[in-house]
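Undergrad: Show me the folded form of this:
(chains A, B and C)
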Amino acid sequence: MKGTPMSDDEMLRQAIQMSRDLSRRRFLRNAGMAAGGLVLSPALLAACGDDTKSTTATTNADSSTDAVRKVEPDTGTGIGGKSVTFSNWETYIDTGENDNASAAGTTIDRFQKETGITMDYKVDFNDNDEYFNKIFSPNLGTGKPIDPDVVAPSYWMAARLLGLGWLEKLPMGAIPNHKNLADQYLNLSWDDGAAYHMPWQAGITGIAYDPSRTGFEIKSFKDLFDDRLEGKISLLKEVRDTVGCAMLDMGKDPSKPDLDGAMAALDFIDEMRGKDKIRQFTGNEYLQPLSNGDVKACLAWSGDIVQLQRKQPNLKFVIPEAGSMQWFDTMVIPKGAKNTNAAAQWMNFVYDVDNAALITEFVQYVSPVKGVREALEAKGGDTALLAESQVLFPDDATQKRLKIFASLPQKDELAIQERFNNVKGA
Amino acid sequence: MKPQGWRRLTLPFYAALVLLYLFAPVIWIVAFSFNRQVGRQNINWNGFTLDAWRKPFENAELTTTFWASIQVAVIASLIATVLGSLMALALARYRFKGSGAINILLVLPLTTPEIVMGASLFTLFFDFGADLGFWTVTIAHILFCVSFVALTVKARLRGFDWTLEDAAADLGCAPIRAFWKITFPLILPGILAAALLSFALSIDDYIITSFVAGDDFSTFPMKVYNLAQRSTPPQINVLATMVLTVCVVLLAAPLVIRSIRRPKVS
Amino acid sequence: MAAADDTKSLRRARFAPYGLLSPGLIWLALFFLVPLATLIRLSLSEKPNAFLPEYNFTGSTANFSSAIGDNTDVLGRSFLYAAAATIAAILIGYPLAYFVAFRAGKYRTILLGLVILPFYTSFLIRTLAWKSLLADEGPVLRFLSSLKVDSLLEAVGVMQNGRVLNTSLSVIGGLTYNFLAFMILPIYVSLEKIDVRLLDAAQDLYNSPRAAFRRVVLPLSMPGVFAGTLLVFIPAAGDFVNAELLGGPNNAMIGSKVKDLLFNQSDYPSAAALSLVFMVLITAGVLLYAKVLGTDELVG
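TA: Residues are numbered from 1 along each chain as shown, chains lettered A, B, ... in the order given. Below you'll find the predicted structure:
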């Protein structure tokens, strides 16, 4: 097109399109699209994850988090439809110019234009426990509502909130796209039918390592403690991920409440720590040591590894034979929220397949929405590569090996947490 | 005390080493603001680029929090310096009942782990229904800075020759005037040092701030901390370098002005 | 011949000191003492349900005994690391403060500015930078191994399995670095006010720079060293960021424990009790230090 004069409109339109493409492509390039986002198709996951359909209410009387919650869905449409506030994790949605999540062309922008609802998007959710102690507990615990209409805690925190009675039922009448929710999320023990939550994004915990640094292939959790690694490994600070992987390695099933199993796993980890075989317990900070060799192998989260592989193509992400942990962050409406209708409309919007596909394309985590993989494939080009990602798109057999950590009675949950705290920080 | 010969050089050499030690991470930070970042973390060197510098304010949220931090730090260190210096003055100059207890009271906030200070302040503000945000953060910052300022200025005032003021009084000078014209200029360097310290403390605080900032207000360290969980844009390095540059300029300015005004005496 | 005897001019004024103190005192009373009272009350309470913000005041000291019992190791380690960092800060910082105060001449202000300059960047970024610098294959270690010093360092225990990070040394190093300015500045401040003629006279008198230093400068700088020690030791002991970023699971400090109790376990009474134990220990330590040092800083 060089040399051909264009009208101003034309140029403007092309410029906008180019900048959209560029920002998307730049992110893809920067984030290592070669092994991009993963979409778990519903059929594959039906068999795995939290298969607690068989789990009925356990006998522990001191907690309500373990009761099966099959409730009548709320068919209403909720209240308040002019504005909505959403508290989410950092870098968890597509952004446009200036890294602005509400810039022109972004999901939020299109949502606002299509529905006429104003969205206040906050990225102040960065730790479940902190948020619980600073915001949920002091407010919801005393009957006061909190500011956001939608929050996206991790699955176990959502279970806890529900057990405490601090969540509003989703106004299903305003969420026709609820049917797009992948099947595996519909039969969780703590919210049968997903009447109180709609997953935002999911991910997998696995083992990341560089074979050129380790000198051998790592196949199981126990391999991390092989002498050849000289203790240059790290585990995750997130108790359910680390203990879950250890439990799986010992042949136990973390998706079923098993306090003794968890304690046995903790004994093992404690022993390894005592022998100086664990370098560190990390959050996301394993990325740096992993890339510069301070850590030769570690427990890691799928989304992060993807873009690290761009720089280190040798990097492998393994889901052990014994299995690994799956997690997800999920949208919930806290009790007393003023704009449940607007919140519902937002959830509905992001559960539209194309919208969900766009978000996944950008953040490159696992989408809980059915049909996203096909939508990505249909887009072709770089985007289609995401759908074919081998590293993050394990086959059927692997899907069966992914577990979601069970929801335990409060007493047990705290006991495990306390023991874990003493192990990771002696 | 000037040792002769090569011994003259040991101290300056040592000083240079210490300065190098102090600046090592700073050099790294500045260098990586020019890094062509690949991926979400700014940890591997991928080549020189001015990209981040061309768009330092690209990340709007990062920039907002940056300015917020500066505002809080300026106000907090100003108030803390005044409050703390007054206290130091009282303690160093006068003998009075209760000075021992007050000394301990000054030290106590320092002994409180930040995390506990943060949690208790949060409880206080929450119970009073205060709106968490800019002012609660500033109040918290003033709190922990006051002790720092008081201790630093007190150390400066120890052994101060108060007879100078007495002399002025003998000569008919009003006490307050004596203070302003004689004592204050002499202790000003100590006060300024304390103010600088305060500013640095405030601009850097994360733990206490994160407790009392509430939903809507965020400072630079908070933003960096949250971002570092998932990704570290080079703009962090750029903004940090900018702060440094401004401080360098502020420090160099009076010296440059002085050397321009006064002709060099050989 | 120390500084002017200030007892003569110390006034026994009645109102002036209280007037000067009141703004600061009010601030401290409101924003520190009141929360502290809440903390004490909390430590003597129990929380029946970890997830609900309800507390029963029982007046029982059970929380204290379990706080001490469960955490003796970590408490000891925190004080050890903080002490090491303080000593290191004195060793590193004092000569620099001395240099700036006495030998820097007109470059004094610049150097002071340089000292405090790094502390205007976020400590988090600085600590992360150290993580890069001290990495196993990073510049520092590569430099050390090119000097062939690494085996020596391993023998001494400074390095561990060919690495510096995630050891007690890296944590202490991080602490020292983060609080160094708080040692340098107070020492500088107290050195700076020493009259230079005093030094000259001292040197003439003792005929040796070292003796002059020991007998004149050092004692006069003690208030600064003391202030610096407080400003370094106390926050260092309560810090947890350095331990979490630069240390390993065997290097945990008390700050992390308090954080875990507060957030992960939502156990506010235990967190309060542990913090109070920590505060008492530190204050006691500081008072002891003041006595040993012979200064009446805290009490005078």
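
Undergrad: contacting residues for residue B:195?
TA: Counting by CB atoms under 8 Å, 6 or more residues apart in numbering or on different chains, residue B:195 touches B:77-78, B:81, B:149. Every residue, glycine included, has its C-beta placed from N, CA and C.

Undergrad: need the longest helix for chain C.
TA: In chain C, assigned by DSSP state H, the helix with the most residues is helix C:62-98.

Undergrad: Low-confidence ranges, the stretch 151-300 of chain C, go.
TA: C:156-158, C:294-300 (pLDDT under 70).

Undergrad: Of the contacts of residue B:195, which is the most crowded?
TA: Of the contacts of residue B:195, residue B:149 is surrounded by the most neighbours, 31 neighbours in total, counting by other CB atoms under 10 Å in any protein chain shown.

Undergrad: What are the buried residues along the helix or strand where that residue lies?
TA: Using DSSP states H and E, residue B:149 sits within helix B:134-157. Buried residues in helix B:134-157, defined by neighbour count with 16 or more other CB atoms under 10 Å in any protein chain shown: B:134, B:136-157.

Undergrad: Look up the closest residue to the spatially most central residue of chain C, ignoring the ones flanking it.
TA: Taking CA atoms, centre = their mean, the centroid of chain C lies closest to residue C:232, which sits 1.8 Å from it. Leaving aside its sequence neighbours, residue C:232 sits nearest to residue C:179 (CB to CB, 6 or more residues apart in numbering or on different chains; 4.3 Å).

Undergrad: Just to check, that neighbour is in contact with residue C:230?
TA: No - here residue C:179 does not reach residue C:230: they are 10.8 Å apart, not a contact under CB atoms under 8 Å.

Undergrad: what about residue C:146, how many neighbours?
TA: Using other CB under 10 Å, residue C:146 has 9 other residues around it.

Undergrad: What's the nearest residue in chain A when you look at chain C?
TA: Nearest to chain C in chain A, going by CB to the nearest CB, is residue A:425, at a distance of 3.2 Å.

Undergrad: Can you give me the distance of that residue to residue C:274?
TA: Distance of residue A:425 to residue C:274, given as CB to CB, to the nearest Å: 13 Å.

Undergrad: If you count surrounding residues, which of those two has more?
TA: Taking other CB under 10 Å, residue A:425 and residue C:274 do not tie; residue C:274 has more neighbours (28 against 25).

Undergrad: my guess is that one meets residue C:71, correct?
TA: Yes - judged on CB under 8 Å, residue C:274 makes contact with residue C:71 at a distance of 6.4 Å.

Undergrad: any common contacting residues for those two?
TA: Contact criterion CB under 8 Å, 6+ apart; residues bridging residue C:274 and residue C:71 by contacting each: C:254, C:257.

Undergrad: before we move on, the earlier item: please give me every residue in contact with the residue nearest to residue C:232.
TA: Contact partners of residue C:179, counting by CB under 8 Å, 6+ apart, are C:85, C:89, C:231-232, C:235-236.

Undergrad: That one and residue C:185, how far apart?
TA: Applying CB to CB to residue C:179 and residue C:185 gives a distance of 11 Å.

Undergrad: For chain C, see how far away residue B:135 is.
TA: The gap separating residue B:135 from chain C is 12 Å, by CB to the nearest CB, to the nearest Å.

Undergrad: Contacts only, for that residue.
TA: No contacts exist for residue B:135 under CB under 8 Å, 6+ apart.

Undergrad: and it, how far is that from residue B:71?
TA: From residue B:135 across to residue B:71, the span is 11 Å (CB to CB).

Undergrad: Get me the contact residues on the stretch 51-200 of chain B for chain A.
TA: B:57-62, B:122, B:126 (CB under 8 Å from any CB of the partner chain).

Undergrad: Now residue C:215: closest residue in space that isn't a chain neighbour?
TA: Per CB to CB, 6+ apart, closest to residue C:215 is residue C:206, 6.5 Å.

Undergrad: for residue A:347, same thing?
TA: Excluding its sequence neighbours, the residue lying closest to residue A:347 (CB to CB, 6+ apart) is residue A:198, at 4.9 Å.

Undergrad: which residues sit in contact with the one you found?
TA: By CB under 8 Å, 6+ apart, the residues touching residue A:198 are A:170, A:175, A:178, A:181, A:330-331, A:347, A:351, A:368.

Undergrad: ok but it is inside a strand, no?
TA: Yes - counting by DSSP: H, G, I helix; E, B strand; the rest coil, residue A:198 falls inside a strand.

Undergrad: which residues does it bridge with?
TA: Beta-bridge pairing for residue A:198 (DSSP bridges): residue A:331.

Undergrad: Grab the nearest non-local neighbour of residue 103.
TA: Going with chain A. Per CB to CB, 6+ apart, closest to residue A:103 is residue A:96, 2.9 Å.

Undergrad: my bad, chain C
TA: Distance criterion CB to CB, 6+ apart; nearest residue to residue C:103, sequence neighbours excluded, is residue B:11 at 6.3 Å.

Undergrad: which residues touch that neighbour?
TA: The contact partners of residue B:11, taken as CB under 8 Å, 6+ apart, are C:95, C:98-99, C:103.

Undergrad: What of residue B:211?
TA: The contact partners of residue B:211, taken as CB under 8 Å, 6+ apart, are A:134, B:118-119, B:121-122, B:140.

Undergrad: and chain C, which of those residues reach it?
TA: Within the contacts of residue B:211, those near chain C by CB under 8 Å from any CB are B:119, B:121, B:140.

Undergrad: okay, now the second one: neighbour count?
TA: Just to be clear, that refers to residue B:121. Neighbour tally, residue B:121, other CB under 10 Å: 25.

Undergrad: Which element, helix or strand, includes it?
TA: helix B:114-127.

Undergrad: Next, the angle from that helix to helix B:134-157.
TA: 130 degrees (axes from the mean of the first three to the mean of the last three CA atoms, to 10 degrees).

Undergrad: Show me what helix B:114-127 is in contact with.
TA: Helix B:114-127 is contacted by residues A:134, A:138, B:109, B:112, B:132, B:136, B:139-140, B:143-144, B:205, B:207-212, C:31-32, C:34-36, C:38-39, C:235, C:238-240, C:255, C:258-259, C:262, C:268, C:271-272, C:275 when judged by CB under 8 Å, 6+ apart.

Undergrad: Let's see which of those end up in helices.
TA: Per DSSP H, those map to helices at B:109, B:136, B:139-140, B:143-144, B:207-212, C:34-36, C:38-39, C:235, C:238, C:255, C:258-259, C:268, C:271-272, C:275.

Undergrad: Would you write out the PyMOL command that picks the buried residues out of those?
TA: With 16+ other CB under 10 Å as the criterion, this PyMOL line picks the buried residues out of the ones in helices among the contacts of helix B:114-127:
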select buried, (chain B and resi 109+136+139+140+143+144+207+208+209+210+211+212) or (chain C and resi 34+35+36+38+39+235+238+255+258+259+268+271+272+275)
